[in-house]
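# what shape does this take:
(one chain, ligands or ions: 1)
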Amino acid sequence: MAKKRNPHIEVRNTEPRDFPAIAEMSRRVYPDDEPWTHEQLASHRRVFPEGQLVAVDTRTDEVVGMAASLIIQWDDYNLYHNYQELTGNYLFTNHNPRGRTLYGAEVMTHPKRRGEGIGKLIYRARRDLARRLRLRRIRAGARLRNYSVYSHLLSPEAYVDRVVRGEIIDPTLTFQLRNGFRVLYIVREYLDDDRPSMGYAAVVEWINHKVARRKDYAGRDQRFARPLPPKKAAATSPRSG
Ligand SMILES: CC(C)(COP(=O)(O)OP(=O)(O)OC[C@H]1O[C@@H](n2cnc3c(N)ncnc32)[C@H](O)[C@@H]1OP(=O)(O)O)[C@@H](O)C(=O)NCCC(=O)NCCS
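Sure thing, here's the model as predicted:
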């Protein structure tokens with residue numbers, strides 16, 4: 001990953017004028033999927049405007065990254081709820097301001113602007129939001145982007161274990177781990193038609209230590225609880241994204 005930290009990036013709340021750029025960016029990031037629609041993005045803003053973020057290059061006013069979040073009451077959901085259910089059919093209509101969990105439904109950086117620290121800045125803004133709203137945690141589903149490359153050799157658990165050890169790079173999970181997240185558990189059929197991950201995702205969590213209680217740390221699968229090793233020890237495996 002290049003280390004050109006970019007001082008010209010501002011992260012702010014998403015506005016309707018950003019929708020075309022977000023839709024276009026999601027078309028490039030997920031060429032096989034439906035891009036985010038204006039209707040969906042407007043619904044996200046309607047239910048939870050503070051949770052919708054864009055990263056903008058202040059020199060050109062271009063949208064170079066985005067994140068979409070909602071608040072949920074995690075206890076309303078279980079291991080078998082998939083992405084569509086956790087996002088209220090992609091509209092965030094299940095947003096519950098009384099919940100204590102910020103659910104990270106989407107984060108992306110424009111493919112031409114990867115490795116500049118933009119994703120990191122977006123995540124910093126997300127953590128600031130969680131702290132401001134005194135939420136206990138951020139959770140997200142990190143789809144296991146490189147799993148299909150290893151599925152003939154490794155179970156999803158063994159794959160995640162190797163990613164957590166820094167022995168395999170997964171473009172999504174490694175990014176989340178570098179942003180202070182830890183793996184809680186692995187889910188199947190999270191994104192049904194996602195071929196690279198074969199539908200598998202790791203539910204990852206960042207805890208807001210200021211407000212979390214002891215029992216909030218208890219749900220982590222101890223097999224995956226360790227932090228990533230320093231970068232130089234890591235991995236020879238394929239990498240994309
Ligand atoms: C994941 C994604 C948002 C990262 O964005 P980015 O702006 O390139 O990330 P950054 O430059 O801020 O990198 C932040 C950290 O993650 C690491 N990282 C980012 N992408 C990585 C990759 N492909 N492989 C390994 N590590 C990666 C960086 O090395 C950096 O580590 P550091 O903090 O120790 O320096 C971007 O690759 C993307 O849009 N991917 C497609 C969409 C996606 O999968 N989103 C997640 C949905 S669950």
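# ok, now how distant is Gly51 from Ile22?
14 Å (Cβ to Cβ, to the nearest Å). Using the backbone N, CA and C atoms, a C-beta is placed for each residue, glycine as well.
# ugh, wrong one, I meant Arg124
For Arg124, the distance to Ile22 - Cβ to Cβ - is 20 Å.
# who has more neighbours out of these two?
Set side by side, Arg124 and Ile22 show more neighbours around Ile22, with 24 against 14, by other Cβ atoms under 10 Å.
# contact partners for the more buried one?
Ile22 makes contacts with 14, 36, 41, 54, 63, 66, as judged by Cβ atoms under 8 Å, 6 or more residues apart in numbering.
# again, but for Tyr77
Tyr77 sits next to 85-86 when contact means Cβ under 8 Å, 6+ apart.
# phi and psi next, for Tyr103.
When read as degrees, to the nearest 10, the backbone of Tyr103 gives phi -100, psi 120.
# swap in Arg28?
Dihedral angles (degrees, to the nearest 10) for Arg28: phi -70, psi -40.
# again, but for the one 10 residues further on
Summarising the backbone geometry of His38 under the convention degrees, to the nearest 10, its torsions are phi -60, psi -40.
# that older thread, write the ChimeraX selection for whichever of the contacts of Ile22 are buried.
A single ChimeraX command selects the buried members of the contacts of Ile22 (16 or more other Cβ atoms under 10 Å):
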select :14,36,41,54,63,66
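# is it possible to get TSV of the contacts of Ile22 that adds secondary structure, pLDDT and distance to the ligand?
As requested, those are exported to TSV (DSSP: H, G, I helix; E, B strand; the rest coil; pLDDT from 0 to 100; distance: Cβ to the nearest ligand atom, whole Å):
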residue	secondary structure	pLDDT	distance to the ligand
Thr14	coil	98	16
Trp36	coil	97	12
Leu41	helix	98	16
Val54	strand	98	13
Val63	strand	98	13
Met66	strand	98	9
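# quick check: residues of the chain near the ligand?
Residues of the chain found near the ligand (Cβ under 6 Å from any ligand atom) are 1, 29, 107-109, 114-120, 140, 142-143, 169, 171-172, 174-175, 178, 239, 241.
# which ones among these map onto strands?
Counted as lying in strands by DSSP state E, out of these, are 107-109, 140, 142-143.
# just the helices in the protein please.
Along the chain, counting by DSSP state H, helices occupy 19-29, 38-47, 83-86, 118-132, 147-150, 156-164, 173-178.
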